[in-house]
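Asker: I'll drop the sequence and a predicted model, then ask my questions.
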Amino acid sequence: MKIGITMGDPKGVGPEIIAKAWKELDAEKRQQLCIYGDRATLEAAAEMAGVQLDHRQMIITSSITPPVGNISDPEAARVTAAALGAAFEDVKAGNLDGLVTAPVNKFRLQSEQPKFMGHTEYFANGTDTKDVTMMFASDAPCIAGFSCPLQPMRVALVTTHLPIKEVSKTLSIERVKTTIKHLHCALSHLFGLEVPRIGVLALNPHAGEEGALGSEEQTIIAPAIEEMRKEGCTALGPLVPDRVFSKINQLDFDGIVAMYHDQGLIPMKLFYGMNTVNITLGLPFVRTSPAHGTGEDIAWRDMASPESMLAAIEMAEKMANTTKCLKKDWD
């Protein structure tokens, strides 16, 4: 097995969390990985972490001149794009069994790739994949202030990187159905649940109050749930989000479908913290990532935690061994 890791933005925490994760992995795990990125940046991160990277497992895609912390925005975008592009070509060529992506700065990267909206969309467009789903998963760590252990959680998003004003216009019965289907398949094949129970969240406050606060529940979400139930999915909703997440340790569901980005991400990060992993469902290859951004306010200050990166690597390995998670098995 070979899992690729992209460096991410050199002005962010990506290089640091990769080096720190490498430090915590044993020799056998390291042999399954290869890192794509800029030589000077990765070496500087390794020095900070107090670890020696194996150059035989590094795919050097650029080499900027130190000091890394003073790299310009255009140069940062260039080296980010170079690492991402090289890894993507290798995974499409079948040289990798999966890909873990460190965080990028979307605005900065758009100077190199103007249409870049995020990894999820980038990989979908690059493989001509019509339908992909962003899912966040955690294996239930013990978080301070909550009863332990929390139950495992998987949250799939119907819409991803959209302005909030575009969410309602983008929702459709088919998009909700696709998200339910992808989540159902992931819960069944990846997490081994024979009859996964899926809760589908409402879009509007109080689930629209029978149309008084919005009609999407009646015209889009409820019909989608009904159609998926006829296809054998155990799905329930539309559910009031604040009621669902107020009982986080007593959920009746194995997975949740959220209508938009922050509806799903805020409770995931609140309850499950750095143990959360971002997974792209529906692609013809395995892709995971840490569930956080570039963290440029703490980058290169030896403050970033590798916890989410380690979880993303572990999840990618698990998925790569579970071929039914791939798009070809879902069609």
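Answerer: Alright, I've got the coordinates. Residues are numbered from 1 along each chain as shown.

Asker: all helices for the chain, in order.
Answerer: 14-24, 27-30, 39-49, 73-92, 106-109, 119-126, 164-170, 173-185, 216, 222-230, 241-245, 261-272, 307-320 (DSSP state H).

Asker: Please point out which parts of the third one sit buried.
Answerer: Going back to what we said before, that points to helix 39-49. Using 16 or more other CB atoms under 10 Å as the test for burial, helix 39-49 gives 39, 40, 41, 42, 43, 44, 45, 46, 48, 49. All C-beta atoms are positioned from the backbone trio N, CA, C, and that covers glycine.

Asker: just the angle between it and helix 14-24, please?
Answerer: Counting by axes from the mean of the first three to the mean of the last three CA atoms, to 10 degrees, helix 39-49 lies at 50 degrees to helix 14-24.

Asker: Dump the C-alpha coordinates for helix 39-49 into PDB.
Answerer: Extracted in PDB, the C-alpha atoms of helix 39-49 (Å, rounded to 0.1, in the frame of the first residue of the first chain):
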ATOM      1  CA  ARG A  39      12.300  20.400  -0.300                       C
ATOM      2  CA  ALA A  40      13.300  23.500   1.700                       C
ATOM      3  CA  THR A  41       9.900  23.800   3.400                       C
ATOM      4  CA  LEU A  42       9.700  20.100   4.400                       C
ATOM      5  CA  GLU A  43      13.200  20.100   5.700                       C
ATOM      6  CA  ALA A  44      12.600  23.200   7.700                       C
ATOM      7  CA  ALA A  45       9.400  21.600   9.200                       C
ATOM      8  CA  ALA A  46      11.300  18.400  10.000                       C
ATOM      9  CA  GLU A  47      14.000  20.400  11.800                       C
ATOM     10  CA  MET A  48      11.400  22.200  13.900                       C
ATOM     11  CA  ALA A  49       9.800  18.800  14.800                       C
END
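
Asker: just to revisit the earlier point, please identify which of the buried residues of helix 39-49 is nearest to residue 151.
Answerer: residue 49 (33.0 Å; CB to CB).

Asker: Near the nearest residue to the closest one once chain neighbours are set aside, how many other residues are there?
Answerer: With sequence-adjacent residues excluded and distances taken as CB to CB, 6 or more residues apart in numbering, residue 49 is closest to residue 19, at 3.9 Å. A total of 25 residues lie near residue 19 under the criterion other CB atoms under 10 Å.

Asker: quick one: contacts for the residue nearest the centre of the chain?
Answerer: The structure's the chain has its C-alpha centroid closest to residue 278; by CA atoms, centre = their mean the separation is 1.9 Å. Listed by CB atoms under 8 Å, 6 or more residues apart in numbering, the contact partners of residue 278 are 134, 135, 136, 288, 289, 290, 291, 312.

Asker: would you turn those into TSV with distance to residue 92?
Answerer: Output for those, formatted as TSV (distance: CB to CB, whole Å):
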residue	distance to residue 92
134	20
135	22
136	25
288	17
289	18
290	23
291	25
312	20
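
Asker: just to revisit the earlier point, may I have the beta-bridge partners of the residue nearest to the centre of the chain?
Answerer: For residue 278, the beta-bridge partners are residue 136, residue 289 (DSSP bridges).

Asker: And this protein, what are its domain boundaries?
Answerer: The record assigns the chain these domain ranges, following automatic domain parsing: 1-129+283-325, 133-281.

Asker: could I get those domains as JSON lines with mean pLDDT?
Answerer: Converted to JSON lines, the domains of the chain look like this (pLDDT from 0 to 100):
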{"stretch": "domain 1-129+283-325", "mean pLDDT": "91"}
{"stretch": "domain 133-281", "mean pLDDT": "89"}
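
Asker: Kindly provide the distance from the residue of the chain most remote from its centre to residue 169.
Answerer: Most distant from the centre of the chain: residue 212, at 34.5 Å, with distances by CA atoms, centre = their mean. Using CB to CB, to the nearest Å, residue 212 is found at 20 Å from residue 169.

Asker: quick revisit: quick check: the residue nearest to the centre of the chain vs residue 157, distance?
Answerer: Residue 278 is 10 Å from residue 157, by CB to CB.

Asker: which residues are in contact with both of the two?
Answerer: With CB under 8 Å, 6+ apart as the test, residue 278 and residue 157 both reach 134, 135, 136.

Asker: Now do the contacts for the residue farthest from the centre of the chain.
Answerer: By CB under 8 Å, 6+ apart, residue 212 has no neighbours at all.

Asker: Ramachandran coordinates for it?
Answerer: Here is the backbone geometry of residue 212 (degrees, to the nearest 10): phi -70, psi -30.

Asker: 340 is where my numbering starts, stick with that
Answerer: Shifting the count to begin at 340 puts that one at residue 551.

Asker: buried stuff in stretch 586-597?
Answerer: 587, 590, 592, 593, 594, 595, 596, 597.

Asker: Residue 433: which of the residues you listed is nearest?
Answerer: The closest of the buried residues of stretch 586-597, once distances to residue 433 are taken by CB to CB, is residue 594, at 30.0 Å.

Asker: Could you verify my assumption that that closest one touches residue 535?
Answerer: Yes: Residue 594 is within contact range of residue 535, at 6.2 Å (criterion: CB atoms under 8 Å).
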